[in-house]
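Visitor: got a predicted structure here, sequence first:
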Amino acid sequence: MGADRRTFLKTATLGAAGVALGNPLTMGQ
């Protein structure tokens with residue numbers, strides 16, 4: 001369970017970072 005939760009948190013963090021970085025770029029174009 002610990003590994004699954006860690007993977008989930010890592011994926012969520014990367015996903016949030018991708019949205020935060022991708023939104024301004026998409027809006028800019």
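Guide: Arrived safely.

Visitor: from now on I want contacts and neighbour counts done on CA atoms only, so please keep to that.
Guide: Noted.

Visitor: so which residues of the chain form helices?
Guide: Remark: helices assigned in the chain by DSSP state H are 2-28.

Visitor: which residues of it score low on pLDDT?
Guide: Across the chain, the ranges flagged by pLDDT under 70 are 1, 27, 29.

Visitor: tell me the centre residue of it?
Guide: When Cα atoms, centre = their mean is applied to the chain, the residue found nearest the centroid is Gly15 (1.4 Å).

Visitor: tell me the contacts of it?
Guide: Gly15 makes contact with no residue under the criterion Cα atoms under 8 Å, 6 or more residues apart in numbering.

Visitor: check which residues of stretch 10-24 are buried.
Guide: For stretch 10-24, the neighbour count (16 or more other Cα atoms under 10 Å) marks no residue as buried.

Visitor: next one: that stretch to chain centre, how far?
Guide: Stretch 10-24 has its C-alpha centroid displaced from the chain centroid by 3 Å (Cα atoms, centre = their mean, to the nearest Å).

Visitor: the residue nearest to the centre of the chain and Leu9, how far apart?
Guide: 10 Å (Cα to Cα, to the nearest Å).

Visitor: can you check Leu25 too?
Guide: Using Cα to Cα, Leu25 is found at 25 Å from Leu9.
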